[in-house]
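S.K.: Kindly generate the corresponding structure for this input.
(one chain, ligands or ions: 2)
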Amino acid sequence: MLGATATPAERRRAFREALASGRLLQFPGAFNALSAMLIAEQGFDGVYISGAVLSAELGLPDVGMTTATEVSQRAATIARNTSLPTMVDADTGWGGPVNVARTVQTFEDAGLSGLHLEDQEDPKRCGHLEGKSLVSTDDMLIRIRAAVRGRRDPDFVICARTDARAVEGLDAAIDRAKAYVDAGADMIFVEALTGKADYERFRAAVDVPLLANMTEFGKTPLFTATELADLGVNVVIYPVTLLRLAMGAAEAGLAEIRSAGTQQGVVDRMQTRKRLYELLGYDEYATFDARLANFRKEES
Ligand SMILES: C[C@](O)(C(=O)O)[C@H](CC(=O)O)C(=O)O
Ligand SMILES: [Mg+2]
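M.R.: Ligands and ions are numbered 1, 2, ... in the order given. Below you'll find the model as predicted:
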């Protein structure tokens, strides 16, 4: 009830401890607070907050048009409603070094547990599309150092994403990742790898936690959790999965109403009112304030 029971500091500590355990942590992407609550209820390790999803939610392509304020407000709403650690996509950090430092502080204040910054040039794009261009390694090091300087809670995780695999090749991507770690990155997001051999090379070369992106319709095969754990990956995100599932169901439902003139045929695919109320914890609110108890008569 009333959102997270753990403080942001406790969640950051828990995230650090979970990372140190070496086991694979699964972070599905939440498209709103309610989906984050579902992720927690289903026993996942954390919640990912995707730039692609937030831009789509605003009706925009994922090309860096969102503002730090828009993302932090939405991220804060999600973080407030889960006791799990939350990782947010900070794209290219929204500007130069001082902006990046401020971005880190904004996300700390928003209750997040960590963020990732990528080495693309603006306008950035989805890491699985063609035509990406990167900033130089030196410029990315400036970004990372600025993020580290801005951080006030040492448990806040600063993850550096490299998009270099698809642009400069595997060796260059590994060299960049090592330099990013030397500059203070706590974790490396290895974007758009093409197979297990790529992960093996990264794992052997880099000794901080690795994050794998299991986005659908991209360059990376959809490896299972067991496969990723065997590769030594520490965090796996499923960034857009819930949005894609929900939008697929919404499209089918709208088509059904248009063709049948009623939603009756798709009611059995819906989350029921009862499940929604369970997830939102209506009963706990009713216990907190007896005047709310009459909500409980709904059974379907
Ligand atoms: C992880 C990602 O940065 C995101 O914003 O969720 C995207 C996901 C996607 O577009 O499928 C990415 O660039 O991989
Ligand atoms: Mg993104």
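S.K.: The most centrally placed residue in the chain: what's it in contact with?
M.R.: The chain has Y48 as the residue nearest its centroid, 2.2 Å off, counting by CA atoms, centre = their mean. Taking CB atoms under 8 Å, 6 or more residues apart in numbering, we find Y48 in contact with 27-30, 86-89, 237-239. C-beta here means a position set from N, CA and C on the backbone, and glycine is covered the same way.
S.K.: And I142, by the same measure?
M.R.: Contacts of I142 by CB under 8 Å, 6+ apart are P97.
S.K.: before we move on, the earlier item: dump the contacts of Y48 into TSV; add distance to ligand 1 and pLDDT as well.
M.R.: TSV is the format used below for these (distance: CB to the nearest ligand atom, whole Å; pLDDT from 0 to 100):
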residue	distance to ligand 1	pLDDT
F27	11	99
P28	11	99
G29	6	98
A30	11	98
T86	14	98
M87	10	98
V88	10	98
D89	5	98
I237	6	98
Y238	9	98
P239	3	98
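S.K.: Export those as CSV, with columns for neighbour count.
M.R.: Shown next, in CSV, are the contacts of Y48 (neighbours: other CB atoms under 10 Å):
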residue, neighbour count
F27, 23
P28, 24
G29, 27
A30, 32
T86, 31
M87, 29
V88, 26
D89, 26
I237, 25
Y238, 20
P239, 25
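S.K.: closest to ligand 2 among these?
M.R.: Nearest to ligand 2 among these: D89, at 4.3 Å, using CB to the ion.
S.K.: mind listing the helices for the stretch 151-300 of the chain?
M.R.: 165-168, 170-182, 196-205, 225-230, 241-260, 273-280, 282-288 (DSSP state H, counting those that start in this stretch).
S.K.: Export those as CSV, with columns for mean neighbour count, distance to V267 and mean pLDDT.
M.R.: Formatted as CSV, the helices of the stretch 151-300 of the chain follow (neighbours: other CB atoms under 10 Å; distance: least, CB to CB, whole Å; pLDDT from 0 to 100):
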stretch, mean neighbour count, distance to V267, mean pLDDT
helix 165-168, 20, 44, 96
helix 170-182, 19, 48, 98
helix 196-205, 16, 43, 98
helix 225-230, 15, 33, 98
helix 241-260, 13, 10, 98
helix 273-280, 13, 11, 96
helix 282-288, 15, 21, 92
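S.K.: if we can go back for a sec, pretty sure the residue nearest to the centre of the chain is in a strand, no?
M.R.: Yes: if the criterion is DSSP: H, G, I helix; E, B strand; the rest coil, then Y48 is within a strand.
S.K.: in the sheet, who's paired with it?
M.R.: Following DSSP bridges, Y48 is listed with bridge partners G29, M87.
S.K.: can you put the helices of the stretch 151-300 of the chain in TSV and add distance to ligand 2?
M.R.: Listed next are these as TSV, based on distance: least, CB to the ion, whole Å:
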stretch	distance to ligand 2
helix 165-168	14
helix 170-182	17
helix 196-205	19
helix 225-230	19
helix 241-260	13
helix 273-280	27
helix 282-288	34
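S.K.: For ligand 1, find the nearest of those helices.
M.R.: For ligand 1, the closest of the helices of the stretch 151-300 of the chain is helix 241-260, at 9.1 Å, according to CB to the nearest ligand atom.
S.K.: Give the other helices and strands that the closest one contacts.
M.R.: Identification of packing neighbours for helix 241-260 by 3 or more CB pairs under 8 Å, 6 or more residues apart in numbering; DSSP states H and E yields helix 33-41, helix 51-57.
S.K.: Minimum distance to ligand 1: which of those helices has it?
M.R.: Relative to ligand 1, the nearest member of the helices and strands packed on helix 241-260 by CB to the nearest ligand atom is helix 51-57, separated by 3.4 Å.
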